[in-house]
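Peer 1: Got a predicted model here, sequence first, then my questions.
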Amino acid sequence: MTVPPYQIQELITNVFSQLSDSVLQGIQIRCGQALGTELYIGCSNGELMRFSLQGGDSNKAESYTILSRQSVPNDKAVEDIALLPSISRALVFSDNQIHFYTLPSLDVVSYQLIKPIRHVIAFAVDQLHLLRPMPPTSGPHRLEPVDFCVIKRSSLAMYSLGQRLFYQKEIPLPQGGTLARRIGSSLCIADKINYNMLNLETAEILPILPLNQDFDAPNLPVEPFIIPTGEGDFLVVSWTGQSSMGIFLTGSGDPVRGTLTWSQHPTSICLDLPHATAILPDGTIEIHNIDSQNLVQVIPPPPNDGPVDRTRLVSSLLGYIVPSDQYLTKMSKVPVKLDRRPASKLES
């Protein structure tokens with residue numbers, strides 16, 4: 001029997017359970033990330049919410065409970081959250097600014113120590129640095145700084161973050177950029193027309209692939225996708241006019257692996273090797289195996305009268321912990337007889 005690789009499971013039944021209907025109107029979840037048993041959620045009203053998985057008992061299942069909630073400055077939508085567990089920091093992107101918070105408490109780093117970075121279009125943390133583990137809880141240890149790039153209107157700024165923020169250098173970007181992902185010294189960046197590969201050491205940029213290859217509708221806006229695979233290459237997606245094509249590129253821009261195909265341009269994509277998962281405009285979820293390029297699973301769209309719309313896939317490098325209630329039905333108390341004889345008699 002072939003077991004499908006994925007199923008949909010609920011993490012939190014109602015994120016906004018503490019809000020009244022009048023306050024809740026129009027508020028949406030915009031992004032989220034996980035670190036161990038904790039979830040960090042950013043909302044359209046500028047709220048940052050921190051949840052923790054609380055252990056259940058024989059009568060109550062595990063569930064996520066809210067620990068704290070706060071608002072970013074100006075109450076603007078939280079567009080993205082990047083967790084840097086190796087240095088116990090979080091980058092929060094809102095209102096074209098990057099704000100700095102501590103992990104796991106999600107306290108604001110003092111502005112006297114690190115001020116927000118302004119005029120940000122997009123940012124990209126080095127994937128190799130994101131994969132670093134959390135520091136040990138005891139004993140001396142050395143924190144390795146985390147490198148990231150900030151895309152501005154016509155330039156790219158490079159930073160290194162440890163206990164303090166250090167500016168490294170700036171690279172001109174005449175075409176600008178809307179989305180970027182970084183692996184080491186290679187930055188895959190999308191502008192309004194092309195996917196490009198930028199060498200951060202030499203500042204050389206190479207156009208690789210158009211976002212839109214439909215010659216009958218050349219002005220059709222196409223949402224870019226750039227996803228690091230975790231194995232040194234990037235997945236990018238281009239619209240051909242009939243379907244969308246997923247191509248894997250090395251840091252030098254060479255194609256590798258094979259090609260993935262979707263009948264419609266996805267609205268969201270994430271990778272969980274060896275699978276690529278995409279949401280299509282009608283809410284269908286398609287899962288491909290990137291090694292064979294085969295479509296291995298299709299999850300139908302939710303019913304029209306269903307409670308949830310599928311808007312975005314968000315991957316977490318360390319995964320998500322799903323609450324389980326199976327032990328409530330699988331485990332039960334049983335009587336155990338105790339031998340009350342002295343230990344000396346038991347040994348004999």
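Peer 2: Perfect, thanks for sending it. Numbers count the residues shown, from 1 in each chain.

Peer 1: Tell me the strands beside the helix or strand hosting residue 286, with direction?
Peer 2: Using DSSP states H and E, residue 286 sits within strand 285-289. Strand 285-289 pairs in its sheet with strand 275-279 (antiparallel), strand 295-299 (antiparallel), by DSSP bridges.

Peer 1: Low-confidence stretches in this structure?
Peer 2: Confidence mapping of the chain against pLDDT under 70 gives the ranges 1-3, 17-25, 56-59, 139, 305-308, 325-332, 343-348.

Peer 1: CA atoms only: put the strand holding residue 286 into PDB for me.
Peer 2: Backbone C-alpha positions of strand 285-289 (Å, rounded to 0.1, in the frame of the first residue of the first chain) are rendered in PDB as follows:
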ATOM      1  CA  ILE A 285      -2.400  21.300  -3.300                       C
ATOM      2  CA  GLU A 286       0.000  19.400  -5.500                       C
ATOM      3  CA  ILE A 287       3.000  17.500  -4.200                       C
ATOM      4  CA  HIS A 288       5.900  16.500  -6.600                       C
ATOM      5  CA  ASN A 289       8.900  14.400  -5.900                       C
END
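
Peer 1: what about it, distance to the chain center?
Peer 2: In terms of CA atoms, centre = their mean, to the nearest Å, the centre of strand 285-289 is set 18 Å apart from its chain centre.

Peer 1: And stretch 121-133, by the same measure?
Peer 2: What separates the centre of stretch 121-133 from the centre of its chain is 11 Å, taken as CA atoms, centre = their mean.

Peer 1: For that stretch, list every residue counted as buried.
Peer 2: Buried residues in stretch 121-133, defined by neighbour count with 16 or more other CB atoms under 10 Å: 121-127, 129-130, 132. Where you see a C-beta, it was placed from the backbone N, CA and C, and this is true even at glycine.

Peer 1: Next step: these restricted to strands.
Peer 2: Among the buried residues of stretch 121-133, the members found in strands (DSSP state E) are 122-125.

Peer 1: of all the residues you listed, which comes closest to residue 236?
Peer 2: residue 124 (13.8 Å; CB to CB).

Peer 1: that older thread, let me know which of the strands paired with strand 285-289 is tucked in deepest.
Peer 2: Here the criterion is mean neighbour count by mean count of other CB atoms under 10 Å, and of these the winner is strand 275-279, at a mean of 21.

Peer 1: contact partners of it?
Peer 2: 5-6, 227, 235, 246, 260, 262, 266-271, 285-290, 296, 310-313 (CB atoms under 8 Å, 6 or more residues apart in numbering).

Peer 1: before we move on, what about stretch 88-96?
Peer 2: Residues from elsewhere that reach stretch 88-96 (CB under 8 Å, 6+ apart): 33, 40, 42, 46, 48, 72-74, 76-84, 98-104, 106, 109, 118-121, 123, 125, 134-135, 146, 148, 161.

Peer 1: before we move on, what about stretch 135-148?
Peer 2: With CB under 8 Å, 6+ apart as the test, stretch 135-148 has contacts from 82, 84, 86-89, 91, 123-126, 129-130, 132, 158-163, 166, 168, 182.

Peer 1: please redo it, this time with the cut-off set to 7 Å
Peer 2: 84, 86-87, 123-126, 129, 132, 159-162 (CB atoms under 7 Å, 6 or more residues apart in numbering).

Peer 1: tell me which residues in stretch 50-69 are buried?
Peer 2: Going by neighbour count (16+ other CB under 10 Å), the buried part of stretch 50-69 is 50-51, 53, 62-64, 66.

Peer 1: what's the offset of that stretch from the middle of its chain?
Peer 2: The answer for stretch 50-69 is 22 Å, by CA atoms, centre = their mean.

Peer 1: What's the end-to-end length of it?
Peer 2: Distance between the boundary residues of stretch 50-69 (CA to CA, to the nearest Å) amounts to 6 Å.

Peer 1: How about stretch 311-319?
Peer 2: Taking CA to CA, stretch 311-319 runs 19 Å from one end to the other.
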